[in-house]
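S.K.: any chance you can model this:
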Amino acid sequence: KVGNSHTVRATGIAKGSGMICPNMATMLGFIVCDAKVSQPVLQMLTQEIADSSFNAITVDGDTSTNDSFVVVATGKNGQNEIDNIADPRYDQLKALLAGLALELAQAIVRDGEGATKFITIRVENAASRAEARQVAYAVAHSPLVKTAFFASDPNLGRLLAAIGYSGLENFDTDKVRLWLDDVLVAENGGRAAGYTEEQGQAVMNRTEITVRIDLQRGRERATVYTCDLSHEYVSINADYRS
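M.R.: Sure, this is the predicted structure:
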């Protein structure tokens, strides 16, 4: 329910495969709801939910020439118009549509060309959200990291190298802490004292894995969703021509 007496219904559909990365991608996403929302408020809502969903995914780091994400509010549910962000219904509607957008965006990654694993990369305690995303994308776009995930290889060196070459200024890599799911694998400039190869292997054998990176540089965070890089990805793109 959005407000005291009205139910908002929403549905969505998205298309994507490879070449999925923000700043133009081969992606189409549509969400339609029956709320009544003014155009300026709906535009702001759309930008906010896109930032945490369709602008937080990548399959291979490549982009294409066109993408679209459209939110439509038909106003058919009979409620009064939401015409400012101070309206308490705004946050309720945003939560509904943001959850749907994230589900669709993650489905694009899960259906990436040749994808066998869904990877969440969560960067915490960065100096800014921009640098958190910078580190997350450095890891997500590394071919060596992505092929390690495909091979279920707990290659910590590849992960740490991607973090290190992400381009942050005045970056003390000794402060980085790294987890694979809930297993602490690196801290203080090296392998975590309690980490074993068997623990890392158990995580990497899973089809859904979270990489958590603590930079210890601030309080900002960002999350990026990606997949592995498989033999099938190479085959699809070696044989495909538009």
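S.K.: now the helices: where do they sit in the chain?
M.R.: For the chain, helices defined by DSSP state H occupy the ranges 39-51, 88-110, 129-140, 143-150, 156-164, 197-204, 231-239.
S.K.: average pLDDT for the last one, rounded please.
M.R.: Along helix 231-239, the predicted local confidence has a mean pLDDT of 90.
S.K.: list the buried residues in it.
M.R.: Y233 (16 or more other CB atoms under 10 Å). The C-beta positions use only the backbone N, C-alpha and C, and glycine is treated the same way.
S.K.: list the helices and strands it packs on?
M.R.: Of the remaining helices and strands, none touches helix 231-239 by 3 or more CB pairs under 8 Å, 6 or more residues apart in numbering; DSSP states H and E.
S.K.: ok, 10 Å please
M.R.: helix 143-150 (3 or more CB pairs under 10 Å, 6 or more residues apart in numbering; DSSP states H and E).
S.K.: the helix it packs on vs helix 197-204, what angle?
M.R.: 90 degrees (axes from the mean of the first three to the mean of the last three CA atoms, to 10 degrees).
S.K.: tell me the angle helix 143-150 makes with helix 231-239.
M.R.: Put simply, helix 143-150 runs at 130 degrees to helix 231-239, going by the same axes, to 10 degrees.
S.K.: helix 143-150 versus helix 156-164: what angle between them?
M.R.: 140 degrees.
S.K.: distance from helix 143-150 to the middle of the chain?
M.R.: From the chain centre to the centre of helix 143-150 is a distance of 17 Å (CA atoms, centre = their mean, to the nearest Å).
S.K.: and it, what's buried?
M.R.: For helix 143-150, using 16+ other CB under 10 Å, the buried residues are 145-150.
S.K.: outside of that helix itself, list whatever touches it.
M.R.: 59-61, 114-119, 121, 138-140, 142, 153-159, 161-163, 204, 209, 211, 226-233 (CB atoms under 10 Å, 6 or more residues apart in numbering).
S.K.: make a ChimeraX selection of the buried ones in those residues.
M.R.: Selection of buried members from those for ChimeraX, criterion 16+ other CB under 10 Å:
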select :59,60,61,114,115,116,117,118,119,121,138,139,140,142,154,155,156,158,159,161,162,163,204,209,211,226,227,228,229,230,233
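S.K.: how far away is the residue in the chain sticking out farthest from the centre from V71?
M.R.: Largest separation from the mean C-alpha position in the chain: G78, at 34.4 Å (CA atoms, centre = their mean). Here the distance between G78 and V71 works out to 19 Å (CB to CB, to the nearest Å).
S.K.: low pLDDT regions in this protein?
M.R.: 1-5, 24, 240-242 (pLDDT under 70).
S.K.: quickly list the domain ranges of it.
M.R.: Residue ranges for the domains of the chain, per automatic domain parsing: 10-110, 118-239.
S.K.: what is the neighbour count of the residue lying closest to L160 once chain neighbours are set aside?
M.R.: Using CB to CB, 6 or more residues apart in numbering and skipping residues adjacent in sequence, the residue nearest L160 is A186, 6.1 Å away. Using other CB atoms under 10 Å, A186 has 21 other residues around it.
S.K.: would you check that A186 makes contact with G164?
M.R.: No: between A186 and G164 no contact is recorded; they are 11.3 Å apart, counting by CB atoms under 10 Å.
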